[in-house]
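Peer 1: Okay, here's the prediction I keep looking at, along with the sequence it came from:
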Amino acid sequence: MTVFGAGGGTSSYREIEDADLIIFWGSNAREAHPIFFHHALKAIHKGAKVYSVDPRRSKTSEWANAWLGLDVGTDVALAYGVGREIIHAGLVNKDFVANATIGFEEYVAACEPWTLEVTSRETGVPAELIRALAHDYAKAERAQLCWTLGITEHHNGTDNVRALCNLALLTGQVGRWGAGLVPVRGQNNVQGGGDMGAIPANLPGFHDVGNPEHRAKFERMWGVTLPSKYGLTLSEMMEAMDEGHLTNVYIVGENPVQSDADSSAVTRRLENLDHLVVQDIFLTKTAALADVVLPATAMWCESEGTFTNSERRIQLVRKALEPPGDAKDDIEIIRLIAERLGHAWPIQTAEQVWDELRALSPAHHGMSYRLLKERGGLQWPFPDEDGPESPFLHARLWEKDPEKRGRPAPFGIVEHKLPVDKLNDEFPLRLTTGRRLTDYNTGVQTAGFNSPIRFGGCVDLSPEDLARLGIDEGEVVRVTSRRGSVLAPARRDPGLRPGLLFMACNFPDEVDVNSLTIEANDPIAKTAEFKATAVKVEKITKGQTKEKRVADTTDHGGRDGELATADQEG
């Protein structure tokens, strides 16, 4: 939103098939986004060059022409180094920068200290690879820069994204077919949730809660006066629970006890509430703490509605099965709650709710259920039933007429800051987390299915670390951070460099990984730093292996002085 004025990826999936160059930066799309990666494979088979920028040599990296194994938390530094090389090599798209951007001179000054040598020293990436990526990206006719949670799940995740957007502005790799920025969403329908207003600052259809004109549209439609104050993000709600300001919570389709950082602290907060309501399709660990559980329908087969994926494509979901027992559609549950609160909301179908959105959101106005069905889905913006559909965004930036070109895209001046959870003699290893191909999120929807390629909860170590610590593959070890401790079998991963560990978040019933992670939140996005935890690994005695592999919430040296601020370590 800050750079381009729209909160969505700039490209469609189909475009990556025609790309000359693909960069997966903080993205293991091969395992975490396999459908999207199949589109990328078509480009790879046609000869597209691929770079993987990732602390570990992931399954995606195995498909790359070059792997840039940067140190965790040095993405901004690397992006500055790439940008400086593009500038000094004379590869800037000068016409695009002059016509479509602002802040270029300030950006050039911010890049200047980041020579290839300095960048290599700070990131651990060889200078020749930094240079190669810079030249190939700037010279490509159509380049796709893709990222996922490896970029955003940091205390400075927003700055990481701005740093990547700067590279696209520098080279004109945006606003054209096949050239774009692709933030592949971390979960199904995340894009749709945000589009529909599940963001504290937004009303549905990208309307700003703080804008009186935006609020007025909804007030006329709904016959109410809306508050002008922004709501709280998830991390801010956690803080409000700590402070005693938030005492009643209603959770819909979320399992924070297992999905949020520092899960032991999350559990304590929810247990201390006056009243907790959970609406879900399973009795999750979070639902087990609730005073009231509202059984909902499975949206993919027991409800009508829409999903919006990472390429802004809205697709119809059709009801195939009747829900079991007392389970009800989410719309009906919310209507019944409103009724008990004294508001006579009408019974509405999913299509009627969608038409209400269309009346309020210009980006969705033309998307009738009829067209969604006939076309198999449509991408926003789609202002009327005659279209046009928008496979890519921001073509306006290439217009010669300033009025048609509109608001210029600003370069973002960001600061390189290392992870908050500092490495030291007690916690000398860096743990990063992610996902496995076989399972989804906290495993609530996938753990009940057998898979021949699933190997469950474990801790991956480099061959060098296994040898140094005297650990055999399959041996159960203790992994400890400043917040907790878990037991997990060790697994050998040659894709890890010495000092770097990996654990998947998909198996919290086996190994509660998020009892280790830190609540160091990005100040803008409020996302926790799941990707950078300081830990130690210890061999254990045979008797200890009988312990359940979940959190020991004993304080392990988590004193204020042990947590480096960004300024201290940056």
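Peer 2: In hand now; what should we look at?
Peer 1: what sits against Ala240?
Peer 2: Ala240 is in contact with Leu232, Leu246, counting by C-beta atoms under 8 Å, 6 or more residues apart in numbering. Every residue, glycine included, has its C-beta placed from N, CA and C.
Peer 1: again, only using 10 Å
Peer 2: Leu232, Leu246, Thr247, Val249, Arg269 (C-beta atoms under 10 Å, 6 or more residues apart in numbering).
Peer 1: Those in helices, which ones?
Peer 2: The helices, defined by DSSP state H, take in Arg269 from those.
Peer 1: among the contacts of Ala240, who's most crowded?
Peer 2: Sorting those by how many neighbours each has (other C-beta atoms under 10 Å) puts Arg269 first, at 21 neighbours.
Peer 1: so how far is stretch 69-77 off the chain centroid?
Peer 2: 17 Å (C-alpha atoms, centre = their mean, to the nearest Å).
Peer 1: Could I get the average pLDDT for it?
Peer 2: The pLDDT scores in stretch 69-77 average 98.
Peer 1: Now do it: distance from first to last residue.
Peer 2: 13 Å (C-alpha to C-alpha, to the nearest Å).
Peer 1: With respect to Asp401, which of the contacts of Ala240 is nearest?
Peer 2: Leu232 (42.2 Å; C-beta to C-beta).
Peer 1: Quick check: that closest one touching Pro200?
Peer 2: Yes. Applying C-beta atoms under 10 Å, one finds Leu232 in contact with Pro200, separated by 5.9 Å.
Peer 1: what touches both of these two?
Peer 2: Counting by C-beta under 10 Å, 6+ apart, the contacts common to Leu232 and Pro200 are Lys526.
Peer 1: In strands only, show me the contacts of Ala240.
Peer 2: Cross-referencing those against strands under DSSP state E gives Val249.
Peer 1: Out of the contacts of Ala240, flag the one nearest to Leu321.
Peer 2: Closest to Leu321, out of all of the contacts of Ala240 and judged by C-beta to C-beta, is Val249, at 30.2 Å.
Peer 1: Identify the residues contacting that closest one.
Peer 2: So Val249 contacts 237, 240-241, 256, 269-270, 273-278, 290 (C-beta under 10 Å, 6+ apart).
Peer 1: change it to 8 Å
Peer 2: With C-beta under 8 Å, 6+ apart, Val249 has these contacts: Met237, Met241, Leu270, Leu273, His275, Leu276, Val277.
Peer 1: and the gap between it and Glu236?
Peer 2: 13 Å (C-beta to C-beta, to the nearest Å).
Peer 1: in the strand or helix carrying Asp355, what counts as buried?
Peer 2: Element membership of Asp355 [criterion: DSSP states H and E] is helix 350-360. Residues Ala350, Glu351, Trp354, Leu357, Arg358, Leu360 are the ones in helix 350-360 that count as buried (16 or more other C-beta atoms under 10 Å).
Peer 1: do the same with stretch 273-287
Peer 2: Leu273, Leu276, Val277, Val278, Gln279, Asp280, Ile281, Thr284, Lys285, Thr286, Ala287.
Peer 1: any idea how far it is from the chain center?
Peer 2: Worked out by C-alpha atoms, centre = their mean, stretch 273-287 lies 23 Å from the chain centre.
Peer 1: could I have it exported to CSV, CA atoms only?
Peer 2: What follows is stretch 273-287, C-alpha atoms only, in CSV (Å, rounded to 0.1, in the frame of the first residue of the first chain):
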residue,chain,number,x,y,z
LEU,A,273,-9.4,-13.9,30.3
ASP,A,274,-12.8,-13.3,31.9
HIS,A,275,-14.5,-14.9,28.8
LEU,A,276,-13.1,-16.7,25.7
VAL,A,277,-15.2,-17.7,22.7
VAL,A,278,-13.8,-19.8,19.9
GLN,A,279,-15.5,-20.4,16.6
ASP,A,280,-13.8,-23.2,14.6
ILE,A,281,-14.3,-26.5,12.7
PHE,A,282,-12.1,-28.5,15.1
LEU,A,283,-11.6,-28.5,18.9
THR,A,284,-8.1,-27.0,18.6
LYS,A,285,-5.8,-26.4,21.5
THR,A,286,-7.1,-22.8,21.6
ALA,A,287,-10.8,-24.0,21.5
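Peer 1: tell me the mean pLDDT for it?
Peer 2: Mean pLDDT, computed over stretch 273-287, is 97.
Peer 1: what do you get for stretch 342-350?
Peer 2: The model assigns stretch 342-350 a mean pLDDT of 93.
Peer 1: In PDB, list the C-alpha atoms belonging to that stretch.
Peer 2: The C-alpha coordinates for stretch 342-350 follow below in PDB (Å, rounded to 0.1, in the frame of the first residue of the first chain):
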ATOM      1  CA  GLY A 342     -30.600  -7.000  20.200                       C
ATOM      2  CA  HIS A 343     -29.900  -6.400  16.400                       C
ATOM      3  CA  ALA A 344     -32.400  -7.900  13.900                       C
ATOM      4  CA  TRP A 345     -30.000  -8.600  11.100                       C
ATOM      5  CA  PRO A 346     -31.700 -10.200   8.100                       C
ATOM      6  CA  ILE A 347     -30.900 -13.800   7.100                       C
ATOM      7  CA  GLN A 348     -28.600 -13.500   4.100                       C
ATOM      8  CA  THR A 349     -27.100 -15.900   1.600                       C
ATOM      9  CA  ALA A 350     -23.400 -15.700   0.800                       C
END
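Peer 1: what's in contact with it?
Peer 2: Ser303, Glu304, Gly305, Thr306, Asp329, Ile331, Glu332, Arg335, Ala338, Glu339, Glu356.
Peer 1: Strands of the stretch 51-200 of the chain, residue ranges please.
Peer 2: 66-68, 101-102, 143-147, 180-183 (DSSP state E, counting those that start in this stretch).
Peer 1: swap in the stretch 201-350 of the chain?
Peer 2: Using DSSP E, counting those that start in this stretch, strands in the stretch 201-350 of the chain cover 202-203, 207-208, 248-252, 275-280, 292-295, 305-308, 313-317.
Peer 1: so where is this structure shaky, pLDDT-wise?
Peer 2: For the chain, the stretches with pLDDT under 70 are 1-2, 5, 542-570.
Peer 1: sorry, back to before: may I see the contacts of Ala240 arranged in CSV, with distance to Asp401 as well?
Peer 2: As requested, these are arranged in CSV below (distance: C-beta to C-beta, whole Å):
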residue, distance to Asp401
Leu232, 42
Leu246, 50
Thr247, 55
Val249, 51
Arg269, 54
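Peer 1: Just the closest of the contacts of Ala240 to Glu415, please.
Peer 2: Nearest member of those to Glu415, counting by C-beta to C-beta, is Leu232, at 26.0 Å.
Peer 1: Quick check: that closest one vs Leu246, distance?
Peer 2: With C-beta to C-beta as the criterion, Leu232 and Leu246 are 8 Å apart.
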